[in-house]
Structure formats: C-alpha cells, structure tokens
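Undergrad: mind folding the following:
(chains A and B)
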Amino acid sequence: MKVLVPIKRVIDYNVKVRVKADNSNVDLANVKMAINPFCEIAVEEAVRLKEAGIATEVIAVSIGDKSCQEQLRTALALGADRAIQIETDEKLDALNIAKLLQKIVEEEQPQLVILGKQSIDSDNNQTGQMLAALTGMPQGTFASVVKVEGDKVNVTREVDSGLQTVSLNLPAIVTTDLRLNEPRYASLPNIMKAKRKPLVVKPAADFGVDLSPRSKLIKVVPPATRKAGIIVDGVDTLIEKLRNEAKVIS
Amino acid sequence: MASELMNERDIEFMLYEFFDSESLLKRERYQDHDRQTFNEVIATAKTIAEKYFLPIRQKLDTHQPTFDGKKVHLIPELKPAIDAVIASGLSSATADYETSGMQLPPIIASIATSYLTVAGGVGLGYNMLTTANANLLSAHGSKDLIEKWVKPMRAGRFMGTMAMTEPGSGSGLGDLITKATKAEDGSYRISGNKIYISGGDHDLSENIVHLVLARLTGAPKGIRGISLFVVPKFLLNDDGSIGDDNEVALSGLFHKMGGRAQTSTALSFGEKNGSVGYLVGEENQGLKYMFHMMNEARIMVGTSAAVIGIAGYLYSLDYAKNRPQGRLPSSKDPLSPMVNIIEHADVRRMLLAQKAYAEGAFSLVLYGTQLSDDEKTAASAKEKEHAHLLLDFLTPIIKTWPAEYGTKANDLAIQVLGGHGYINEHPVELFYRDNRLNAIHEGTTGIQSLDLLTRKVPMNKMAGYLATLAEINITIEQAKHYQRLTEFSQQLTAAVTCLKLTTEALLSAMTSNNIDLALANSVKYLELFGHVIVAWLWLKQGLVATKALENKPHQADENFYQGKLQTLQYFYRFELPQIALWSALLIQSDDSTYQMKAEWF
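TA: Numbering: from 1, shown residues only, chains lettered A, B, ... in the order given. Presented below is the predicted three-dimensional model:
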C-alpha cells in the first residue's frame, strides 16, 4: 500500500512572526523555516504504517520553489522513501494546491493520502477536504487515531462534541490533528541516508492546471498590542466596567 | 522553562558568519554533508535535550547516585536519555564512517553536544568519557585492542573511564603507585587504588573499560615510568561475550557539589590476584598517550564551561525581562507601575558582563574546536601545521578562561535573580555548581598557568606564542578600516604591547636563579593572556557585526549586531584595562604571595 504525504514549508513555530514595514506580507527574510507541524505528524503516521508492515512505500510531496526541498529532505530523514517537488515560484491558493495534488494522486495511485489538517501560517484548513472532493475519495479529518483494517481505514476524529470514529473505504484522505502521534526526531544516520533517497522535481506548469490565484492578499497587519490592565477597587466597580465599558454583561 | 537553552541566532552567527563553516564542505572528509545536514543534526540534539534531559535535569541533581555496598543506583530516567543519545548517533558524530561515525565536523558536533550539556547532560559525561577513551585507544592502541574494546564502546554497549588520580597523587601524577606486573601470557596484572574516577561504576552499560595509569615493576621514578593499561570491569570471552569479573571493586562513591548525575568513584584494582590489564602502546609512555587525549578533553571542559555560562546568561536575561520590581531612581511616584528589572542599569551591567564572558568564551572554545579540526583536515600540510601550532599553544587558555569566567557568569546569573537565584526553583544555582568543577578537573587553573608559562610560551623558539600574536595583528589591521572599531583596535594594539613586555620580563625572570618567585604569579599571566585573546575574538565578532550592519539588515538582526558591538565595548572598557594592573605585578615579580609564610596565616 502506497501512502502519499503532502507537506508544507512554513515559518518555524518558535519564530516570532514579523510583518513587513509596508504591510504587504509577513517578513520572511532570514527567518527559520520548518516543516508544518501537522504535516510532520502526517509523515510520522505514514512511517509508522510502514514500520507496522501495512504501508509499502511512503512518498512525500511538496509544492514550491527549490527551498521546499529542505522540508522534503526532513521528511526523508524521518522515514519517507522518496520525494516529489512540484516546482513553482507562485504563491498558490489551497484550491490550486489541491488540484496539483489531485494530479499526483492520479499518477501515484496511493491507497492513503495523509495531510496535516491545516498549516500554521495560513490556517486555512482546506486542502485535505478539497483534495477529497476533487478525487472523489472519502475523508477523515482531524484524526487522532488511524487504523487500517483490510480495505478500510477507521479514523477517530476530534470533533466539538468529543470523538467520532468513521470507517472509510480505501483509497481515502486523512488529515491529522495534534494528538495523533508524537513525531520522532531524525537520527544522524537517517539524516545522511535521506540525501541518497530519490527526490524528483516536476515543474508545476507541466500538469495543465490553471494556477491563477483565486484570492488576493490586500494587506497584513500585526494584531493590536494588548493594553495594560488596571486594578479595580472592588466587585462593584468590576461589574460596572463589565457592563458599561466592556459591554459583556447586561 | 521560558528561556531558550542556547541562542539559535548566536549559533548561526558563530557557524556561518564568524567561522564560515560552510567552507568545510570543500574538504574531502565532509563532502557528503551540507548546511542542511549540519542544521538537522543540531535540531536532533536540541530535540533530545528538550525531550529527555531537560525534564530530569533537576532530579539528576537532587537524586545523587547511591551505593548499597554492592551496586550503584542511578535514577531510572537517565538510561533512556543516554540510550537516546547513542541511538541518535550523536555520541559518535565525528568518528569515521568505518567505525560507524558520521564524519561530522567537530564544530557541529560541539554545538550539538552543547544543547545536551545545558539541558542537564552532565549525565552525558559517561558518553563523553567513553568517546575520549575510544579516541585514545584508536590513536595508540593495537588492532586487537581496538577490535575488542573500541568497537563496543562506539556502539554504546561498553562505556569508558580514565583512571588517573590516586589517594596520594592527584595533580602530581608523577607520584602514582598503582602497580603493574607482566604475566606469562603477555598481559599484565594491575593492583592499586584510584579515586575520583568519573563513571567508574554504574549499570548503564554491559561493561566498563578503564584506562588505568600504573607503574611497572622497576620502571623509572616520576612521570617517565608510567604506563597505560586497558583494565575492564569484566573480562571478555573469546567470542566477545562478557566473561569473568576482573577484580575492579567499587570501594565508595563521592558526593559532589555539582555534576551529580556522573558518579565519582573510588576504585580498588586487583586486591586478590591482580586485575588483568592490557598494555596500550609501549611501556613507560602512558602519560604521553594520556596527554594526547587530554588536549581534546581540555577543549571539551572549556566548551561545557562556556555553554553553561551561556545557559545562565539566557535564563537570567529572560527573568530580567519579565520580572517587575522597583522603579528607576528618577521615578518618585510610588503609584507608578514597577519596571521590569532589566530597566535597572545595574542589572544590565550584570547581563552585559555575562554576555561578554559567556559569548567570548564560546567564540574561544569554538575557535579551539575548529583548530582541532584544521590540524587534521585542512587543505595543505602547511595549514595543518599552523593550526596545530596555534592549538597546542592556546589549549591552557581555551580550557581555563572559559572555566573561570563561565563560572563568574553563572555567579552573576544568580545575582540577577536575587533570592530567586539562590533556591533550586530556578536552575542558575545548579549551573554554578555544575560549572565550578571546570576550573579543577583536567588540570587546575594553577597547573594550566604553569604549563602556559614554562612549556607553551618558550616551546619551539616561541613559535606558538608568535603565531598567536600574528593572528591578533591580522584582525587589528582589518579593524582599522572601520571608524566604529578604531577605539578597540588601538586598545588591542596597546594590550598586545603590554602582553609582550610582560612575557619578556617573565621569561627573563625565569632564567634568573629564583624560578619559584618568577612563577609565583603565573595564574595572573594566564588571566592576562586570556583577556587579550578574548578581547581579540570580541574584536573579530565586532568586525563581522560592523560589516553586517552596513548592509542594513532587518530590525531583529540589527538589534543582534548592535548587541554584539555594545558587548565588545563593555569588554574593552570594563575588562581589558585590568591587564595593566596584572602586568605591573608580573613585571615587578611582585613577591606578596611568594614571601607569605605558612606560619603567618
């Protein structure tokens, strides 16, 4: 069974994000980048399926310029078998990404596609769902447990009211939530081995997908800085302020 | 813990702006690597540090190893942490591919190890000693010894120690009395007592490989009659499996001020029939082999001193930025909000001093680490020789300055936290206690200063000394082109002159008939030399920062480089001028300490 894991290069979660002075975008100059944490969980789950003898091959795919090869290599060091970079300098929408991934799904015919539920930079939470719609595959999103049994995959989902388990026919799409697993770190021998694993580059233009943007980035502003608090002199004042200033009670 | 273990921006600065570590990739040994490999290795070390060591750092300190008369007990969480390091490949990161190493440059391995060190990895002393032991045997042992002992150590199955000190001979190794006699089968029988043997007993590995210094029957007195032996805890059967007990008995554990995860043991060898020992290299050459390893160990000691200094600096910096207390002297209104303590100039003084000491020491130990690489892998024989010359000369300073000033930095970290620094709710008191050993082991500060003055300076017609001064001059010449650095390049020029005058005066005093007086203040000479070296490395850091600022970096980087330049200024105004006083005492051969009599105390 082949498992396809799309991954995204994002700003490292430890980095304090800065906005460019002209508000045109987030400032990425000299910023540490990393594999999106949810995507890392997806890689880990695929590698565990392989170690359990369920998956036979784990393929990592990313879309972007040459720099995203770094994250593909990270995925290879964590245990993916090979990698595909769909090369483009364009900043793509979730729908364009999903359409390109659809082409890869057609080429590779994976039984399972595992994606992060969302990326920590744009927080869209769309790609997995769109890919499911485009490919016609069933989807199990926000997975906290994934169990492959025969030609089905049972996915326990974290939903507002608790946990919901769905049984999907393979091939299927799964998106990962935070508690699915704890990703491993790459050992030094595996970091070295990753360099010798195959990484294929395919120009995005070759896929015949219309990549024109559907949305426009107008401006980026940092969140308003929090104002200093005050100490009120008693409960009455607090209630008065909550009622008349904050207007959160009536 | 809120603060970072290490400063990632500073690591990037040191690796790729100060040292140009990417240029190492041109060397044949490193051709399989790239910058991403370097970064991923460091990231793996950071993950292991945060996942395995940081959560047990305090427990390792509060739960010292115990001895029940038969066995040593360590907290159970230590073994998985050490196993994780071994499984990750970090403990043999720099070794050759043939011995299942990764052939990583030492500077990368050193930074990776630093993460483990500051996260409570004093427990890693077991691995470090094992690596040092294996490196020594690889360099001086026979093929048979390497096959039998080095391979399982590299694989993490066995661990190693260095058994030098005895109850009657610590710093003065020439007086050691552990006995070795040759047996009929060509091996030796060892008997005697050793103390302060780190990692001398534990249950972390299948076997423990002691490297023991002992004296053969009839060998010359003093250091010329010392041989080195492999003495395992358990002998091996012909198939390599664990065999008989080798009469290496644990007679007790020492209870230490810091570094408590690492057992410090008293061992007794061969009380009945003698422990079986295997000679390393040739008879009576033991100390030479041990010293080969000791240079490496001294760089490691300096490195852990520097990075524990950095850890305390980062922790107290984070605290100072978030702890509101008091108001500025200019603020008279008791109802005005309290300021974070970093707003108090004196707190910033303590932070600046820590930054100057710790990051200065860090640049020094990385410089030494890079030289230790260059002497083996540089492009030409000439470059290798040059690196060897500099490293051999600078080793006493690379070991001692960080040990002394890294601990001073930790002392200031405690002061920044005040009462909170004195209790174990915060790790700064632990950093101080852990770091305090570094001025003692692998040659005390006093011994290092004698090594510098009596051996390293005069050696080879002062070649190492002169080569070092030439390196400093190159930086002075470069710095002259930048207005912002003029003050510092002039001051460093004067400092070098002062160093030269002091050196000449001391060398001349040493040829006079009272060598004891001439050497009485040798520690001050080492401190003076250390200050000049660290001032030089700060000027080099300032050069990189000044050039980078010309390219108008973004705000965060601008802050970083300004911070470097401000610390450079602090070091040149508050620290470097002290050498004038030390120099005056040295040049006059001041006799205050020499003339003091034991009875007068």
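
Undergrad: tell me the contacts of B:Q64?
TA: By Cβ atoms under 8 Å, 6 or more residues apart in numbering or on different chains, the residues touching B:Q64 are B:255-256, B:260. All C-beta spots, glycine's among them, are computed from the backbone N, C-alpha and C.

Undergrad: can you say which of these are buried?
TA: With burial judged by 16 or more other Cβ atoms under 10 Å in any protein chain shown, the buried subset of these is B:256, B:260.

Undergrad: mind putting the contacts of B:Q64 in JSON lines, pLDDT included?
TA: Compiled in JSON lines, these are given as follows (pLDDT from 0 to 100):
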{"residue": "B:H255", "pLDDT": "92"}
{"residue": "B:K256", "pLDDT": "92"}
{"residue": "B:R260", "pLDDT": "89"}
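
Undergrad: where does pLDDT dip in the chain?
TA: Let's take chain A. By pLDDT under 70, chain A has no low-scoring segment.

Undergrad: actually, chain B is the one I wanted.
TA: When the per-residue scores of chain B are filtered using pLDDT under 70, the ranges that remain are B:1-2, B:122-123.

Undergrad: identify the residues contacting the single nearest residue of it relative to chain A.
TA: When you check chain B against chain A by Cβ to the nearest Cβ, the closest residue turns out to be B:G89, at 3.2 Å. For B:G89, the contact set (Cβ under 8 Å, 6+ apart) comprises A:187-189, B:102.

Undergrad: tell me, how many neighbours does residue 106 end up with?
TA: Picking chain A for this. Neighbour count for A:E106, taken as other Cβ atoms under 10 Å in any protein chain shown: 10.

Undergrad: you looked at the wrong chain, it should be chain B
TA: The tally of other residues near B:P106 (other Cβ under 10 Å) stands at 23.

Undergrad: who touches it in this structure?
TA: With contacts defined as Cβ under 8 Å, 6+ apart, the neighbours of B:P106 are B:94, B:369-370, B:372-373.

Undergrad: do the same with A:N181
TA: Contacts were defined as Cβ under 8 Å, 6+ apart; by that measure A:N181 touches A:41, A:44-45, A:48.

Undergrad: return the residues of chain A in contact with chain B.
TA: Taking Cβ under 8 Å from any Cβ of the partner chain as the test, the list of chain A residues beside chain B reads A:18, A:27, A:29-30, A:32, A:70, A:73-74, A:77, A:185-189, A:191-192, A:195, A:228.

Undergrad: which of the residues you listed are buried?
TA: When the residues of chain A next to chain B are checked for burial by 16+ other Cβ under 10 Å, the buried set is A:18, A:27, A:70, A:73-74, A:77, A:185-188, A:191-192.

Undergrad: of those, which belong to helices?
TA: Judged by DSSP state H, the subset of these located in helices is A:70, A:73-74, A:77, A:188, A:191-192.

Undergrad: could you check which residue of chain A lies nearest chain B?
TA: At 3.2 Å from chain B, A:L188 is the closest residue in chain A, using Cβ to the nearest Cβ.

Undergrad: which strand runs longest in chain A?
TA: For chain A, the strand that runs over the most residues, judged by DSSP state E, is strand A:139-149.

Undergrad: quick one: the helices in chain A?
TA: Under the criterion DSSP H, helices of chain A are mapped to A:37-51, A:69-78, A:94-108, A:127-135, A:188-194, A:235-244.

Undergrad: any idea which of these is most buried?
TA: helix A:69-78 (a mean of 25; mean count of other Cβ atoms under 10 Å in any protein chain shown).

Undergrad: can you show me the CA trace of it as PDB?
TA: These are the backbone C-alpha positions of helix A:69-78, laid out as PDB (Å, rounded to 0.1, in the frame of the first residue of the first chain):
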ATOM      1  CA  GLN A  69      13.400  20.600  -0.900                       C
ATOM      2  CA  GLU A  70      14.700  21.200   2.700                       C
ATOM      3  CA  GLN A  71      11.400  20.100   4.200                       C
ATOM      4  CA  LEU A  72      11.200  17.100   1.700                       C
ATOM      5  CA  ARG A  73      14.600  16.100   3.000                       C
ATOM      6  CA  THR A  74      13.400  16.300   6.500                       C
ATOM      7  CA  ALA A  75      10.500  14.000   5.600                       C
ATOM      8  CA  LEU A  76      13.000  11.600   4.000                       C
ATOM      9  CA  ALA A  77      15.200  11.700   7.100                       C
ATOM     10  CA  LEU A  78      12.100  10.900   9.200                       C
END
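
Undergrad: so how far is it off the chain centroid?
TA: When distances are taken as Cα atoms, centre = their mean, to the nearest Å, helix A:69-78 is centred 14 Å away from the chain's centroid.

Undergrad: contacts for it next, please.
TA: Counting contacts by Cβ under 8 Å, 6+ apart, the residues outside helix A:69-78 that touch it are A:5, A:7-9, A:33-35, A:39-40, A:43-44, A:47, A:60-62, A:82-85, A:183-184, A:186, A:190-191, A:193-195, A:197, A:199, B:36, B:40.
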